[in-house]
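**Q** just the structure for this:
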Amino acid sequence: MTSVYGKLFRISTFGESHGPAVGVIVDGCPAGVPVIVEEIQADLDRRRPGQSHLVTQRAEGDEVEILSGVFDGHTTGTPIAMMVRNADQNPGAYDHLKEVFRPSHADFTYLAKYGRRDHRGGGRSSARETVGRVAAAALARRWLTDAFGVEVLAWVQQVHAIDATVNRSEVTLQDVEASPTRCPDPAAAQLMETAISEARKRGDSLGGVVEFVARNVPAGWGEPVFDRLEADLGKGVLSLPACKGFEIGSGFGGTRLTGLQHNDPFVPGDGSPSLATNNSGGVQGGISAGALVYGRAAFKPTATIASEQTTVTTAGEATTLAAKGRHDPCVLPRAVPMVEAMVLLTLADHALRQNAYRSLRPPPGADDPTPG
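**A** From the prediction side, this is the model:
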């Protein structure tokens, strides 16, 4: 099931870039979670096209419609269906791509896998598919906040060679949203905005890094082997279009430290030990340690560019291609809510899994009910 994510808190997304609609079915969301449409819409508005001069100007309002699973403003525990209709469809604008493979897109690989492809804006491979993820994650955000006080936030940490200076413990949503770049460092944000605009004028594109932080994640979430928390976070984030790298905590930078430098000493805390440092990114042995969970995702430069590139036709003949129409010169600003979405969905799934573990444990002094 290639369009399903999660074990207990599960989502299944549907729709194509220039089809009638895109959306999601959420299965496993606990009953009684408040459904505030304005919260869902706010996250979708952060993801939608046309929100600033730095992103594609496709005119989509991305207004969410809730079709099932909600009654009297709360989830019922049954599957929740949400849909966003595609308003600014223009499939004819992609007719010139019917017989051409775009460089670094999914055109060739989809044809190799399925024997056919949707050339209209990439079809299913388009980032428009992430509408459903972001809508579903808004429900996960509300539940995680209410039940555990968990807060997930992401921001643009790097665009091309421009790096931001950000205090991940203190950065706020207001800081992130202060610039169309979604970089909370004002000086770096200005440089990034200029660089993205200049790349667009050149017919080129830029990549970069999104950083995320999850605050107040309780200790104990995650699995010890194959479904380690960092492994599932990596799977979720790497499933996003254009994402080419993931690291948690010190990541690859930790390879330049010694064990003595890298280890996170334990210090006394409120009822449980705390970490004096956090090179592990809040995850040890695949399980959350009660500290900030943080990491980074690398996004490649947008594949669709206005400059002429060499490619081949579906018949294998050499040709050239210069993209027409609307595209993001840098995916980073719109990738921020997408990264948040995958972190939220992963944490919600592991919260439910941990709850199942704890609820099955016998009370102190009782016999273990597990048959042996």
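
**Q** would you confirm that Ala87 contacts Val22?
**A** No: using CB atoms under 8 Å, Ala87 makes no contact with Val22, being 11.4 Å away. The way it works is simple: take the backbone N, C-alpha and C, and place the C-beta from them, glycine included.

**Q** of these two, who's got more company?
**A** Val22 (25 against 12; other CB atoms under 10 Å).

**Q** helix or strand: which one has the more buried one?
**A** Element membership of Val22, judged by DSSP states H and E, is strand 21-27.

**Q** partner strands of that strand, parallel or antiparallel?
**A** strand 10-15 (antiparallel), strand 80-85 (antiparallel) (DSSP bridges).

**Q** what about the last one, average pLDDT?
**A** Averaged over strand 80-85, pLDDT sits at 96.

**Q** the first one too?
**A** Strand 10-15 shows an average pLDDT of 96 in the prediction.

**Q** any buried residues in it, and which?
**A** 10-15 (16 or more other CB atoms under 10 Å).

**Q** what does that strand contact?
**A** 1, 3-5, 21-28, 86, 124, 128-133, 136, 345, 349 (CB atoms under 8 Å, 6 or more residues apart in numbering).

**Q** 7 Å - rerun?
**A** Outside strand 10-15, the residues within contact range by CB atoms under 7 Å, 6 or more residues apart in numbering are 3-5, 21-28, 129, 132-133, 136, 345.

**Q** low-confidence ranges, the protein, go.
**A** Applying pLDDT under 70 to the chain flags residues 1, 50-51, 56-59, 88-93, 325-326, 359-372.

**Q** for it, which segments are assigned as helices?
**A** For the chain, helices defined by DSSP state H occupy the ranges 37-47, 107-114, 130-148, 173-177, 186-201, 229-238, 259-262, 332-360.

**Q** got TSV for those, with mean neighbour count and distance to Ile248 too?
**A** TSV is the format used below for the helices of the chain (neighbours: other CB atoms under 10 Å; distance: least, CB to CB, whole Å):
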stretch	mean neighbour count	distance to Ile248
helix 37-47	17	23
helix 107-114	14	28
helix 130-148	23	18
helix 173-177	16	20
helix 186-201	18	23
helix 229-238	22	5
helix 259-262	10	13
helix 332-360	23	11
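
**Q** got those as a markdown table, with distance to His74 columns?
**A** Shown next, in a markdown table, are the helices of the chain (distance: least, CB to CB, whole Å):
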| stretch | distance to His74 |
| --- | --- |
| helix 37-47 | 12 |
| helix 107-114 | 39 |
| helix 130-148 | 10 |
| helix 173-177 | 24 |
| helix 186-201 | 38 |
| helix 229-238 | 26 |
| helix 259-262 | 45 |
| helix 332-360 | 16 |
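
**Q** out of those helices, flag the one nearest Val159.
**A** Val159 lies closest to helix 186-201 among the helices of the chain, at 4.2 Å (CB to CB).

**Q** so which elements touch the closest one?
**A** strand 151-159, strand 162-163 (3 or more CB pairs under 7 Å, 6 or more residues apart in numbering; DSSP states H and E).

**Q** what does the last one contact?
**A** Strand 162-163 is touched from outside by 188, 191-192, 195, with contacts defined as CB under 7 Å, 6+ apart.

**Q** mind doing that once more with 10 Å?
**A** Here strand 162-163 makes contact (CB atoms under 10 Å, 6 or more residues apart in numbering) with 156-157, 181, 183, 185, 187-196, 206, 208-209.

**Q** out of the strands paired with strand 21-27, which is closest to Gly115?
**A** Among the strands paired with strand 21-27, if distance is taken as CB to CB, the winner is strand 10-15, at 20.6 Å.

**Q** would you map the strands across the stretch 251-372 of the chain?
**A** 266-267, 274-275, 283-284, 287-288, 293-299, 309-312, 318-321 (DSSP state E, counting those that start in this stretch).

**Q** export those to CSV and tack on mean neighbour count and distance to Arg46?
**A** Formatted as CSV, these follow (neighbours: other CB under 10 Å; distance: least, CB to CB, whole Å):
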stretch, mean neighbour count, distance to Arg46
strand 266-267, 11, 37
strand 274-275, 17, 31
strand 283-284, 21, 26
strand 287-288, 21, 26
strand 293-299, 24, 16
strand 309-312, 14, 31
strand 318-321, 12, 31
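
**Q** so for Leu238, which of these sits nearest?
**A** strand 293-299 (7.7 Å).

**Q** partners of that closest one, with directions?
**A** strand 208-215 (antiparallel), strand 243-248 (antiparallel).

**Q** give me the angle between the shortest one and helix 332-360.
**A** What that stands for is strand 243-248. 50 degrees (axes from the mean of the first three to the mean of the last three CA atoms, to 10 degrees).

**Q** same check on the longest one?
**A** Taking the same axes, to 10 degrees, strand 208-215 and helix 332-360 form an angle of 30 degrees between their directions.

**Q** now strand 208-215: how far from the chain's centre is it?
**A** In this view, strand 208-215 has its centroid 10 Å away from the chain centroid, taken as CA atoms, centre = their mean, to the nearest Å.
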